[in-house]
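output the structure for:
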Amino acid sequence: MQGMVLLTLSAAVLALKPPRCNANELCTPASTGQLAVFYLFLYLVALGTGGIKPCVSSFGANQFDHNHDQEQARKTSFFNWFYFSINVGALISASALVYIQEHVG
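Below is the predicted model:
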């Protein structure tokens with residue numbers, strides 16, 4: 001969560017991003033400091049994501065008792081809803097990003 005907040009700040013705070021490009025001019029490249037901050041925050045997001053993603057499904061499956069048939073069925077339902085939720089979240093987030101980019105800036 002921290003990495004995502006910091007990455008968002010790097011895109012929102014004017015000092016952390018290069019100036020906007022004009023239509024008839026070449027774009028000013030990002031400074032070394034701006035790039036360093038951006039990549040640091042991006043690596044924090046990658047570290048956090050890589051640390052939790054492999055564990056979440058195992059933690060969820062561990063909540064069910066393997067000796068009861070009813071809980072085995074619930075575990076199957078858990079995985080169906082788990083992956084459905086992940087895919088719906090990815091669809092919504094990708095759509096929201098496109099909307100924000102097109103309408104907000």
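
longest helix anywhere in the chain?
helix 69-103 (DSSP state H).

for it, name the packing helices and strands.
helix 32-61 (3 or more Cβ pairs under 8 Å, 6 or more residues apart in numbering; DSSP states H and E). The way it works is simple: take the backbone N, C-alpha and C, and place the C-beta from them, glycine included.

may I ask which helix or strand of the protein has the lowest mean pLDDT?
helix 2-12 (a mean of 77; mean pLDDT, DSSP states H and E).

which positions in it come out as buried?
For helix 2-12, a neighbour-count test (16 or more other Cβ atoms under 10 Å) marks Gly3, Leu6, Leu7, Ser10 as buried.

for Ala30, the count of nearby residues, please.
15 (other Cβ atoms under 10 Å).

again with the one 3 residues further on
Counted by other Cβ under 10 Å, the residues lying close to Gly33 total 10.

give the contact list for it.
Gly33 makes no contacts at all, as judged by Cβ atoms under 8 Å, 6 or more residues apart in numbering.

return the distance of it relative to Asn67.
Counting by Cβ to Cβ, to the nearest Å, the separation of Gly33 from Asn67 is 58 Å.

also Leu16?
According to Cβ to Cβ, Leu16 and Asn67 sit 54 Å apart.

the two - which one has more neighbours?
Neighbours of Leu16 and Asn67, each counted by other Cβ under 10 Å, are more numerous for Leu16; the result is 17 against 7.

shouldn't the more buried one be in contact with Ser10?
Yes - between Leu16 and Ser10 there is a contact at 4.5 Å, judged by Cβ atoms under 8 Å.

find the residues that touch each one of those two.
With Cβ under 8 Å, 6+ apart, Leu16 and Ser10 have common neighbours Gln34, Val37, Phe38.

and the first one, what pLDDT?
Gln34 carries a pLDDT value of 87.

for it, list the residues it contacts.
Ser10, Leu16, Lys17, Pro18.

tell me which residues touch the third one, please.
Going back to what we said before, that points to Lys17. Applying Cβ under 8 Å, 6+ apart to Lys17 gives the contacts Ser10, Ala11, Ala30, Gln34.

would you mind measuring from it to Gly50?
Using Cβ to Cβ, we find Lys17 at a distance of 26 Å from Gly50.
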